[in-house]
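Engineer: quick one, structure for this:
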Amino acid sequence: MSAIFELDKTKLRQSFGSASLSYDRVAVLQRQVGLSMLQQAVPAKLSGIVVDMGCGTGFLTKALLNAEDIERIVALDIALPMLHAARQKLGDAGRLHYVCGDAESPPLHTNSVDTVVSNLALQWCRDLTAVFCGLHRILKADGELFFSTFGPQTLCELKQAWAEVDDYHHVNEFYHETEIRRCLADAGFKEIVVHSEIYRPAYGSVLDLMKELKSMGAHNVSSGRNKRLTTKQEMTSMIEAYPLNDANIEATFEVFIVSARVENND
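Structural biologist: Just a heads-up that it's a prediction; the model follows:
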């Protein structure tokens, strides 16, 4: 795997933990994508045991609580402060359980889950095949996986601007659709469906965009990042190189909404 995908897991956990208090205020895109996934891919009636993988502060978890046929909802996140924020928001409903764990090795029993749902979380995993193998393990036969994740066009304007300054990876890289499909198939998933969407929110300035990314915990955690402080001149050069659209600052977010199923061999 390329170094750009070798994410610093400790840095990632700290990043999202630090963002737990500011996340809800700025996570407009996450809510839009989550609603789109629920409308387009996730069945209206879910039942049994459902896992919200990478639940964050609980936006998707709250939506799942409206499904009366769900027996148990497991809200799982790698950052304990995110789980605390979700619990403060959602409380301790009888069928809601909070688990601090890593999507790359989910601490759940084999063949114990009916559905896994994940909104903009799996892109922070180093090894997608390992992730999907872990999810395949915990899902029952005929179990389903629904998730959204960022695609490689995400933040292309910011990448282009930083490329004018130096050769470091200032922006996280994301998997292509072909790689996602291959990793799912290698893990044993069937009936793989991928839908692509492009979001282009506008910002008052490049600094506003970067502040929002930091507030969401989504700033650069790749191992190829520049580990020293960026100088004022480097930041100014990047801002000057950032492409404008009729004097507006826009940022591209490519989103894949994916569904897949565990084969029932009966």
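
Engineer: average model confidence for the host helix or strand of Thr61?
Structural biologist: Secondary structure assignment for Thr61, by DSSP states H and E: helix 59-64. Regarding helix 59-64, the rounded mean pLDDT is 93.

Engineer: and the next helix or strand past it?
Structural biologist: Downstream of helix 59-64, the next assigned helix or strand under DSSP H and E is strand 70-77.

Engineer: for the helix or strand just after that next one, buried residues please.
Structural biologist: Following strand 70-77 in sequence order, the next helix or strand is helix 80-90 (DSSP H and E). By neighbour count on 16 or more other Cβ atoms under 10 Å, the buried set for helix 80-90 is 81-86, 90. (C-beta placed from N, C-alpha, C; glycine too.)

Engineer: dump the host helix or strand of Val33 to CSV, restricted to CA.
Structural biologist: Using DSSP H and E, Val33 sits in helix 28-40. Extracted in CSV, the C-alpha atoms of helix 28-40 (Å, rounded to 0.1, in the frame of the first residue of the first chain):
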residue,chain,number,x,y,z
VAL,A,28,-23.1,20.0,7.6
LEU,A,29,-21.7,17.9,4.8
GLN,A,30,-21.6,14.8,7.0
ARG,A,31,-25.3,15.2,7.7
GLN,A,32,-26.2,15.8,4.0
VAL,A,33,-24.3,12.7,3.0
GLY,A,34,-25.8,10.6,5.8
LEU,A,35,-29.3,11.6,4.8
SER,A,36,-28.5,10.8,1.2
MET,A,37,-27.3,7.4,2.1
LEU,A,38,-30.4,6.7,4.2
GLN,A,39,-32.6,7.7,1.3
GLN,A,40,-30.8,6.0,-1.5
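
Engineer: tell me what the host helix or strand of Ser259 is packed against?
Structural biologist: Secondary structure assignment for Ser259, by DSSP H and E: strand 253-262. Counting contacts by 3 or more Cβ pairs under 8 Å, 6 or more residues apart in numbering; DSSP states H and E, strand 253-262 is packed against helix 28-40, strand 139-150, helix 177-186, strand 189-199.

Engineer: so for Arg95, which of those sits nearest?
Structural biologist: For these, the distance to Arg95 is smallest for strand 139-150, at 17.7 Å, taking Cβ to Cβ.

Engineer: helix or strand right after the closest one?
Structural biologist: Next along the chain after strand 139-150, taking DSSP H and E as the criterion, comes helix 156-163.

Engineer: ok now that following helix, how far from the chain's centre?
Structural biologist: With Cα atoms, centre = their mean, to the nearest Å as the basis, helix 156-163 stands 21 Å off its chain's centre.

Engineer: which positions in it come out as buried?
Structural biologist: Of the residues in helix 156-163, those buried (16+ other Cβ under 10 Å) are 157-159, 161-162.

Engineer: for stretch 31-39, same thing?
Structural biologist: Residues of stretch 31-39 classed as buried: 33-34, 36-38 (neighbour count, 16+ other Cβ under 10 Å).

Engineer: centre of the chain to that stretch, how far?
Structural biologist: With Cα atoms, centre = their mean, you get 13 Å for stretch 31-39.

Engineer: show me what it is in contact with.
Structural biologist: 59-60, 63, 117, 119-120, 146-148, 197, 199, 255, 257 (Cβ atoms under 8 Å, 6 or more residues apart in numbering).
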